[in-house]
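Peer 1: attaching a predicted model along with its sequence, questions to come.
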Amino acid sequence: MAYQTINPYTGETLATFEDATDDEVKAAIAAAHDAFLRWREMPFAERAKILQNAANILRRDVDSYARLLTLEMGKLVSEAKAEVELSARIFEYYVRNAESLLKPEKLPVLDPAEGEAILVHEPLGVLLAIEPWNFPYYQIARILAPQLSAGNTLLLKHASNVPQSAAAFEKLMRDAGLPEGAFRNLYATRSQIELIINDDRVHGVALTGSEGAGSVVASQAGKALKKSTMELGGADAFVVLADADLEKTAKWAVFGRHWNGGQVCCSSKRLIVVDPVYDAFLDRYRKGVAGLVAGDPFDPKTTLAPLSSEKAASDIKEQIRTAVAHGAKAEEVGPAVPNRGAFVQPTILTDIGEDNPARYWEFFGPVSLLFRAKDENDAVRIANDSPFGLGGSVFTSDTAHGAEVARRISTGMVFVNHPTKVEADLPFGGIRRSGYGRELIGLGLKEFVNHKLIDVVDIDSHF
């Protein structure tokens with residue numbers, strides 16, 4: 001597995017890193033376990049100080065951290081800076097809230113004479129995080145911050161095309177004062193992932209990535225009897241009802257589909273519009289997409305980034321060809337994207353029949369699937385006609401009714417009058433082929449803890 005930084009805009013290979021050796025991986029596991037034995041005993045106030053230091057450093061050096069994101073995966077500079085800030089906010093969320101979220105819980109027992117039952121939340125130990133390239137810092141922060149707060153330690157296997165971002169985050173935590181071994185980036189191979197999971201000192205694995213990778217890692221974790229969480233793909237529905245403000249809705253649709261180059265698991269991939277406003281919406285949406293400016297992601301005027309790699313661009317072009325071969329219509333929108341860089345022409349797919357396999361795929365780039373729904377009930381039906389279940393959104397002028405429609409959409413997250421988004425203080429996760437488990441807030445904090453019962457029973461024996 002080649003760990004390389006290849007600039008998606010220029011195609012230039014900027015840096016290459018050797019795979020970890022088995023001995024390095026084994027040493028990292030041992031160091032992480034030794035660090036855990038000390039870290040779990042550290043008062044939360046001391047842990048919190050280190051997490052706050054990390055947030056402060058990210059904000060202080062935001063330009064250099066953001067530049068690395070743009071170099072490695074082509075993210076717009078403005079979006080890169082936003083990701084750095086979001087990562088800082090995640091650290092701060094746990095600085096402020098983790099201690100109270102982890103407080104012991106007194107259980108309401110049926111018979112007080114049975115004693116006092118307390119539920120405590122104790123760390124498990126060393127965890128493995130396997131993370132993708134589309135949000136190189138945020139993906140780390142949303143697993144690292146809660147798990148360090150809980151008292152666990154972490155090994156990281158990041159995507160092979162963002163090795164410098166992974167190394168930068170390890171250095172960040174070291175500079176913040178994290179004890180040696182408590183967080184380690186490894187340029188691990190696939191076989192070494194299994195080696196880590198099977199080590200008795202490792203107690204869980206969190207993966208964000210493809211269905212294929214999730215299936216393999218979940219199987220390995222299950223065979224080893226280890227806890228796992230999976231955040232996989234998505235094909236979020238963007239439902240437009242008849243009373244929606246079409247100007248605002250179309251602008252949100254353009255943003256929701258094309259932020260981060262369209263390479264977001266929870267971006268608005270399926271636009272489902274009720275018949276009375278379908279044509280008017282499509283006209284506004286087409287104009288909005290045509291206004292995107294593809295170019296150098298370091299240029300502030302650029303609003304459409306290249307994809308993360310030439311392979312990513314080639315794969316999505318093949319998906320478009322397959323969709324058309326099965327009866328879909330493809331409309332390329334806007335001025336031609338540059339020949340230089342891993343760009344894909346923004347494309348709208350329509351007439352995607354239920355027998356078209358593309359209807360059930362995830363398109364990871366600037367491709368929009370547009371569906372005409374007969375009415376609200378049909379829109380909900382189409383929204384739920386997906387193997388995925390990550391996020392979604394409903395647009396309407398009646399927000400109370402929008403919330404009612406949101407309840408009918410079968411996903412882990414639904415937003416009313418906003419595309420699916422990520423925040424430091426909101427949970428993240430899905431169902432079905434979008435995975436299982438939750439990250440962020442208290443749910444993510446408690447994914448890898450031992451919910452241990454302590455029952456103080458001091459009554460006379462019944463014998």
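Peer 2: Cool, the structure landed. Numbering: from 1, shown residues only.
Peer 1: where do the helices sit along the stretch 51-200 of the chain?
Peer 2: With helices called from DSSP state H, counting those that start in this stretch, the stretch 51-200 of the chain shows them at 62-73, 77-101, 138-150, 163-176, 190-197.
Peer 1: can you name the next helix or strand after the shortest one?
Peer 2: Remark: after helix 190-197, the chain's next helix or strand is strand 202-208, criterion DSSP states H and E.
Peer 1: any regions of this structure where pLDDT drops low?
Peer 2: Residue ranges of the chain with pLDDT under 70: 1, 459-463.
Peer 1: if I look at residue 425, how far off is residue 44?
Peer 2: Applying Cβ to Cβ, to the nearest Å, the value for residue 425 to residue 44 is 19 Å. Where you see a C-beta, it was placed from the backbone N, CA and C, and this is true even at glycine.
Peer 1: one more: residue 95?
Peer 2: With distances taken as Cβ to Cβ, residue 95 is found 10 Å from residue 44.
Peer 1: for the residue nearest to residue 432 when sequence neighbours are not counted, the count of nearby residues, please.
Peer 2: In this structure, residue 432 finds its nearest non-sequential neighbour in residue 389, 4.2 Å apart by Cβ to Cβ, 6 or more residues apart in numbering. Residue 389 has 22 neighbours, counted by other Cβ atoms under 10 Å.
Peer 1: looking at this, residue 389 is in a strand?
Peer 2: No. Applying DSSP: H, G, I helix; E, B strand; the rest coil, one finds residue 389 to be coil, outside a strand.
Peer 1: hang on, it packs against residue 436?
Peer 2: No. The pair residue 389 / residue 436 is not scored as a contact, 10.2 Å apart, by Cβ atoms under 8 Å.
Peer 1: can you pull out the helices in the stretch 301-450 of the chain?
Peer 2: Using DSSP H, counting those that start in this stretch, helices in the stretch 301-450 of the chain cover 310-325, 376-384, 399-408, 441-445.
Peer 1: residues in contact with stretch 243-252?
Peer 2: Stretch 243-252 is contacted by residues 240, 268, 277, 280-281, 284-285, 287-288, 393, 395-398, 417-419 when judged by Cβ atoms under 8 Å, 6 or more residues apart in numbering.
Peer 1: what about 7 Å?
Peer 2: Here stretch 243-252 makes contact (Cβ atoms under 7 Å, 6 or more residues apart in numbering) with 240, 277, 280-281, 284-285, 288, 395-398, 418-419.
Peer 1: cool, stretch 3-20 as well?
Peer 2: 1-2, 71-74, 160-161, 163-164, 186-189, 192, 296-297, 306-310, 341-342.
Peer 1: change it to 8 Å
Peer 2: 1-2, 28, 71-74, 160-164, 186-189, 192, 296-298, 305-310, 340-342.
Peer 1: would you mind checking the residues you listed for buried ones?
Peer 2: With burial judged by 16 or more other Cβ atoms under 10 Å, the buried subset of the contacts of stretch 3-20 is 28, 71-74, 160-164, 186-189, 192, 296-297, 305-309, 341-342.
Peer 1: sorry, back to before: reformat the helices of the stretch 301-450 of the chain as CSV; add distance to residue 146.
Peer 2: Below are these laid out as CSV (distance: least, Cβ to Cβ, whole Å):
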stretch, distance to residue 146
helix 310-325, 29
helix 376-384, 30
helix 399-408, 26
helix 441-445, 4
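Peer 1: any idea which of the ones you listed is most buried?
Peer 2: Most buried of the helices of the stretch 301-450 of the chain by mean neighbour count (mean count of other Cβ atoms under 10 Å) is helix 441-445; its value is a mean of 20.
Peer 1: pull the CA atoms of that helix into PDB?
Peer 2: What follows is helix 441-445, C-alpha atoms only, in PDB (Å, rounded to 0.1, in the frame of the first residue of the first chain):
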ATOM      1  CA  ILE A 441     -21.800  14.000  21.600                       C
ATOM      2  CA  GLY A 442     -22.400  11.600  24.500                       C
ATOM      3  CA  LEU A 443     -23.300   8.700  22.100                       C
ATOM      4  CA  GLY A 444     -19.900   8.700  20.500                       C
ATOM      5  CA  LEU A 445     -18.200   9.200  23.900                       C
END
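Peer 1: return the set of buried residues in stretch 229-242.
Peer 2: Buried residues in stretch 229-242, counted by 16+ other Cβ under 10 Å: 229-241.
Peer 1: which two in these are spaced the farthest apart?
Peer 2: Farthest-apart pair in the buried residues of stretch 229-242 is 229 and 241; separation 33.4 Å (Cβ to Cβ).
Peer 1: which residue packs closest to residue 83, ignoring adjacent ones?
Peer 2: In space, residue 83 is closest to residue 138, 5.2 Å off (Cβ to Cβ, 6+ apart).
Peer 1: can you identify the element that follows the helix or strand containing residue 258 toward the C-terminus?
Peer 2: Following DSSP H and E, one finds residue 258 within helix 246-258. Tracing the chain C-terminally past helix 246-258 and defining elements by DSSP H and E, one meets strand 268-274 next.
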